[in-house]
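K.L.:
Have a look at this prediction, sequence included:
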Amino acid sequence: MTDHCDLSPSGNCCRLSANSTGATGSTATRPWRISGSAARGDPLLLPGMLQIAVALHHWQGGNFGGALLLLGSGADYLRRVRPVCQRIDVASLLAAAERCRAELESLGVERMFDLADEFIPRMRLAPATD
């Protein structure tokens with residue numbers, strides 16, 4: 001039986017990484033739907049990544065509660081995935097989502113847009129192994 005975490009990420013997954021922040025409106029979810037149809041690997045990886053991306057969309061739209069909820073549930077998914085899966089550094093994405101959530105909670109709804117760029121979770125690829 002193949003361990004799907006050892007597979008390389010799909011091209012769509014890499015493209016969605018580039019589109020996961022900065023998109024607004026209906027275009028913010030479109031890259032994620034494309035990658036979902038082509039996703040391989042751990043069945044908890046994509047839902048975790050999606051929830052974190054949607055949390056950022058909620059934050060951009062001023063939905064403080066939705067952002068906190070989805071950052072938490074996305075992190076819950078990622079806690080059950082290997083630290084590196086399909087070359088995605090899941091451990092760093094999980095830590096970034098937890099830091100983002102903690103910082104948003106600290107800022108509160110009145111200052112949520114003061115969130116510094118350093119707290120925005122970003123997907124990173126782990127070095128390739130032979």
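P.N.:
That came in fine, so what should we check first? Note that the coordinates shown come from a computational prediction; the quantities given were computed from them, not determined experimentally.
K.L.:
What's the local residue count around the nearest residue to Val90 once chain neighbours are set aside?
P.N.:
Excluding the flanking residues, the one nearest Val90 by CB to CB, 6 or more residues apart in numbering is Val81, at 5.0 Å. Bear in mind the C-beta positions are built from the backbone N, C-alpha and C, glycine included. For Val81, the neighbour count with other CB atoms under 10 Å is 24.
K.L.:
Over to the one 5 residues further on?
P.N.:
Other residues near Gln86 come to 24 when the count uses other CB under 10 Å.
K.L.:
next one: Arg80
P.N.:
12.
K.L.:
So which elements touch the helix or strand in which Trp59 is found?
P.N.:
Trp59 is part of helix 45-60, with elements assigned from DSSP states H and E. With contacts taken as 3 or more CB pairs under 8 Å, 6 or more residues apart in numbering; DSSP states H and E, helix 45-60 sits against helix 30-38, helix 64-78, helix 90-107.
K.L.:
helices or strands up against the second one?
P.N.:
To tie it back to what came earlier, the one meant is helix 64-78. Against helix 64-78 (3+ CB pairs under 8 Å, 6+ apart) you get helix 45-60, helix 90-107.
K.L.:
Was I right to think Ala75 contacts Arg101?
P.N.:
Yes: using CB atoms under 8 Å, Ala75 is in contact with Arg101, at 7.1 Å.
K.L.:
So, low pLDDT: which residues of this structure?
P.N.:
Scanning the chain for pLDDT under 70 picks out 1-4, 7-41, 130.
K.L.:
related to what we said a few turns ago, the residue nearest to Val90 and Met49 touch, don't they?
P.N.:
No: in this structure Val81 lies outside contact range of Met49 using CB under 8 Å: 9.6 Å.
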